[in-house]
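Peer 1: this is a predicted model, with the sequence first.
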Amino acid sequence: MYDENQNKTFKWIINTMKEKIFVDIDILNWNNKIRGIYGIFEIDKDSEKCLYVGRSINIYSRFFSKSNAHFAMLRRYIKGTYKKEPPEYIRQISTAIDAGKLIKVKILQKLPYIYDCYQFDVQRLASAENYFIDYYQSIGQCLYQI
């Protein structure tokens, strides 16, 4: 399945970072567009710490496609080719990897389009993201996110 995908960032995650970054199998299936909320977690022994919560109408694309995709930015940052100051969560992921911690990306909630009203669909996505950000911040995690 993975050989068909020619995305360089995808290949980097699957081949180079396979022992350091674990991505939910549903996200790696680029043919299956998942809309919803995702989380990026730092795993250290038995603890799990949320570094970032995000929303997307296509979670695969948000991680792998375009120059501002999460893993595209991380790849450039680790290679030393990121031209400006990266977002804080990119530095946190890199620091965790350097410390030997595992990064785990998982879907927190799938949110299908209901198609009752475009604005309602967008608001449901934003509200779900805020719910998870509020939750993780209430337990002292995901604090660099506004």
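Peer 2: Looks like it arrived, so ask away.

Peer 1: C-alpha from now on. contacts and neighbour counts both.
Peer 2: Will do.

Peer 1: which intervals of the protein have sub-threshold pLDDT?
Peer 2: Along the chain, the model assigns pLDDT under 70 to residues 1-2.

Peer 1: report back the residue of it that's furthest from centre.
Peer 2: Computed with CA atoms, centre = their mean, the residue of the chain farthest from its C-alpha average is D116, at 27.8 Å.

Peer 1: distance of that one relative to V122?
Peer 2: Distance, D116 to V122, using CA to CA, to the nearest Å: 11 Å.

Peer 1: what of S56?
Peer 2: 10 Å.

Peer 1: between the two, which one's more packed in?
Peer 2: S56 (20 against 13; other CA atoms under 10 Å).

Peer 1: and that one, its phi and psi?
Peer 2: Main-chain dihedrals, S56, degrees, to the nearest 10: phi -160, psi 150.

Peer 1: which residues does it contact?
Peer 2: Neighbouring residues of S56 by CA atoms under 8 Å, 6 or more residues apart in numbering: R35, G36, I37, R62, L125.

Peer 1: among the residues you listed, name the ones in helices.
Peer 2: R62, L125 (DSSP state H).

Peer 1: now for N7: which residues touch it?
Peer 2: F64, S65.

Peer 1: same check on E19?
Peer 2: Residues in contact with E19 (CA under 8 Å, 6+ apart) are L102.

Peer 1: pretty sure D24 contacts F63?
Peer 2: No: between D24 and F63 there is no contact under CA atoms under 8 Å: 11.7 Å.

Peer 1: ok, the two, which is more surrounded?
Peer 2: F63 (23 against 13).

Peer 1: any idea how far G36 is from that one?
Peer 2: 13 Å.

Peer 1: and what of W12?
Peer 2: With distances taken as CA to CA, W12 is found 24 Å from G36.

Peer 1: quick one, which of those two is more surrounded?
Peer 2: Each of W12 and G36 has its neighbours counted (other CA under 10 Å); G36 has more, 23 against 14.

Peer 1: residues touching that one, list them.
Peer 2: Contacts of G36 by CA under 8 Å, 6+ apart are R55, S56, I57, N58, I59, I107, L108, Q109, K110, L111, P112, L125.
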